[in-house]
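Trainee: Let me see the structure of the following:
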Amino acid sequence: MDLSKMNVLINKLSDEKFEYGKSDCFTFTAKLVKEWHGKDFLPLHIKAYKSQKTADEYMAKFGGIEMLATGTLGYPVRAIDCVDGDVVIADVGSGIALGFVFGGNGLFKGKKKILKLPLKKCLRGWRIR
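Mentor: Numbering: from 1, shown residues only. Sure, this is the predicted structure:
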């Protein structure tokens, strides 16, 4: 994996204005997973929501963000067992968000900036293989 290419993508995605369905925690994470693993999960959920209201309704329909991630990625593991390239969830203050593991931390697209949390503060993780 070309780490400098990942850093460029992370910075590019970080600079995008937060917008549901275009630049949110799911799209941020899915784009990083695609770059790291070549797996494209974006088409699975992206057309289902365009606003916070429709995103909340979509997640609720499937039992929340954790159940939606499990249905997409498989059974979760302890977040501290995740490695770079995996996916995690954490409470980021405004609710539970999906993030990408990079540099041993979870990276989350916040409404104003990227949040970087140690894996021990994340709730669950999914190994991407």
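Trainee: secondary structure class for the residue nearest to residue 1 when sequence neighbours are not counted?
Mentor: Once flanking residues are discounted, residue 1 sits nearest to residue 36: 6.2 Å by C-beta to C-beta, 6 or more residues apart in numbering. C-betas here are computed from N, CA, C, even on glycine. At residue 36 the chain is in helix, as set by DSSP: H, G, I helix; E, B strand; the rest coil.
Trainee: Just confirm residue 36 contacts residue 87, I think it does.
Mentor: No. Between residue 36 and residue 87 there is no contact under C-beta atoms under 8 Å: 10.2 Å.
Trainee: number of nearby residues for the spatially closest residue to residue 126 that is not a sequence neighbour?
Mentor: Nearest non-adjacent residue to residue 126, counting by C-beta to C-beta, 6+ apart: residue 73, 4.0 Å away. Residue neighbour count, defined by other C-beta atoms under 10 Å, stands at 19 for residue 73.
Trainee: Is it correct that residue 73 is in contact with residue 87?
Mentor: Yes. The pair residue 73 / residue 87 is scored as a contact, 6.2 Å apart, by C-beta under 8 Å.
Trainee: Return every residue with contacts to both of residue 36 and residue 87.
Mentor: Both residue 36 and residue 87 are in contact with 100, 128, where contact means C-beta atoms under 8 Å, 6 or more residues apart in numbering.
Trainee: Tell me which of the two has more neighbours.
Mentor: residue 87 (26 against 20).
Trainee: rewinding a little: and for residue 73 and residue 87, which residues touch both?
Mentor: 126, 128.
Trainee: how many neighbours does the nearest residue to residue 17 once chain neighbours are set aside have?
Mentor: Distances taken as C-beta to C-beta, 6+ apart place residue 23 nearest to residue 17, at 6.4 Å, with adjacent residues excluded. If you count neighbours by other C-beta under 10 Å, residue 23 ends up with 17.
Trainee: contacting residues for residue 23?
Mentor: Residue 23 touches 13, 16, 17, 109, counting by C-beta under 8 Å, 6+ apart.
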